[in-house]
Every structure is written in C-alpha cells, then in structure tokens.
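Peer 1: Here is the input, now give the coordinates:
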Amino acid sequence: MIKISPSILSADFANLESELKRLEDAGADFAHIDVMDGHFVPNISIGAPVVKALYRVTRLPLDVHLMISDPAFYLDDFIKAGASFITIHTECVSNVRETLTRIKEAGIYAAVSIKPGTPADVINEYIDILDMVLVMTVEPAFGGQKFIEACLPKIAQVRGIIDAKNPKCLLEIDGGVTPENAPRAVSAGANVLVAGSSVFGAPDIKAAVSALRCGKGG
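Peer 2: Below is the predicted model:
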C-alpha cells in the first residue's frame, strides 16, 4: 500500500490547522514537516514549537524531517513536540546509530535520509534498526524543484538493501514527486511519497492525493 505524506512546506502557513484538516479529509497518511536551520541547508523553516502546535490540531502522524546540522542536540525537543517519525541526515551526524537509538527508545519511528549525491550503501550500517529510509530526489532546502530522474537507480538499490536486511522498513522519497513520475518511483521500490507542490498546488487536494497513491499519470 502506497502511503502519501504531503509536505506542509507548500501549505498556507497562515492557516496550517485548516491545511492539515484538508489533508485529513483528502486521505493523506502522514503530514511531512521539513525542519531547516539555514546551516545544513540554505533555508530556514520551522522548529519544535510549531511541530508541537500542529500535533495538537491533527490526527495525522507527523513525519518530521530534520534538515539541521546538529539533530542530536535538538532531538528531545522534537520527541516532546509529538513527532511520530523523526528523520535525520547521515551527512551531518557523526553518531548516527546512537541518535537513531535515542529516537527508537522514545517510542518514535527512526529514519535516515540521504541526499542525491550520497551513495545508497551508507544505510547498511544502520538498516537493522531503521523504520524508514528517505531518499531525496532533489537537493534538500526548497520546494517546487524538479524530480531528479537519476535517483531512480538509487531508490532501487535502497529497496534491495531493505528487502535483504529489514523488509519492514519503509522507503520514502521526497522531492519533485508528481502523479506523472510517482509510478516510476514506486516501480523502483518506494512506498511512501512526499509531495508538496503537487498536492497543495492542485485545485482538488483529495484528487491529487488519490492520483499519487494510484499512480495516475505518465
């Protein structure tokens, strides 16, 4: 079953509660929250206080993607804020396994993300304790970018590692996902799709979520 995790980075930030309600009504599975610090990535978004506020007004699991330089330092804040998933980047954490273990011990799903230039095999060291791997299909930081088709072989590589070593682990992709390219990503092995512009920019959010889940497109 393909799960859809719309990114609120493309939502109306003046009306986030109502935007989350629209996602619930549309049948989204998660709400993807991009946390950016202006250091690891060249953009700044939101922090733990906003995640805490969103937790109070939605029944959707919060899929929190930490694009920050020192996730271990802020981890407790996001755990207490109500995150259901916490994703950290392998590229900026020296103690990845220790950080993932802290997440799991808090009863939260633990995930790692890899950027387009990071090889798939880096996840081998942690795959046994992962609940999800996030493959970035754009360079992280900004919404509205075009899906990098060259990432499809990496998605397939990650799927092979997951199937061999931890079949229950989810494989999420994030970046430029549309109904047109989603079927290729799913065929490569993805089963959680993050989409921002193609959901919140659509005239009918429910139809957009359905189109992504069903692979309607090219």
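Peer 1: all helices for this structure, in order.
Peer 2: Secondary structure of the chain by DSSP state H: the helices cover 16-26, 48-57, 71-81, 96-105, 152-165, 182-188, 197-200, 205-214.
Peer 1: For this structure, which residues score under the pLDDT cut-off?
Peer 2: 143, 215-218 (pLDDT under 70).
Peer 1: hmm, back to that, just so I know, which of the helices of the chain lies nearest Ile4?
Peer 2: helix 205-214 (5.1 Å; CB to CB). Heads up, the C-betas are built off the backbone N, CA and C, glycines and all.
Peer 1: packing partners for that closest one?
Peer 2: Judged by 3 or more CB pairs under 8 Å, 6 or more residues apart in numbering; DSSP states H and E, the packing partners of helix 205-214 are strand 3-6, helix 16-26, strand 192-195, helix 197-200.
Peer 1: Okay, angle between it and helix 16-26 too, please.
Peer 2: Orientation check (axes from the mean of the first three to the mean of the last three CA atoms, to 10 degrees): helix 205-214 against helix 16-26 gives 60 degrees.
Peer 1: Give me the buried positions along helix 205-214.
Peer 2: Neighbour counts over helix 205-214 (16 or more other CB atoms under 10 Å) mark Ile205, Ala208, Val209, Ala211, Leu212, Arg213 as buried.
Peer 1: Hmm, the fifth one is touching Leu193, no?
Peer 2: Read that as Leu212. Yes: with contact defined as CB atoms under 8 Å, Leu212 reaches Leu193; the gap is 5.5 Å.
Peer 1: Distance check, the closest residue to Arg102 other than its chain neighbours against Ala81.
Peer 2: Distances taken as CB to CB, 6 or more residues apart in numbering put Leu75 closest to Arg102, at 5.9 Å, once the chain neighbours are dropped. Leu75 sits at a distance of 11 Å from Ala81 (criterion: CB to CB, to the nearest Å).
Peer 1: now swap in Val51 and tell me
Peer 2: For Val51, the distance to Ala81 equals 4 Å [CB to CB].
Peer 1: which parts of stretch 190-209 are buried?
Peer 2: 190-200, 202, 205, 208-209.
Peer 1: should've said stretch 101-112
Peer 2: When neighbours are counted by 16+ other CB under 10 Å, the buried residues of stretch 101-112 are found to be Arg102, Ile103, Ile108, Tyr109, Ala110, Ala111, Val112.
Peer 1: closest to Asp174 among the residues you listed?
Peer 2: Using CB to CB, Ala111 is the member of those that sits closest to Asp174, with 11.0 Å.
Peer 1: No more questions from me, cheers.
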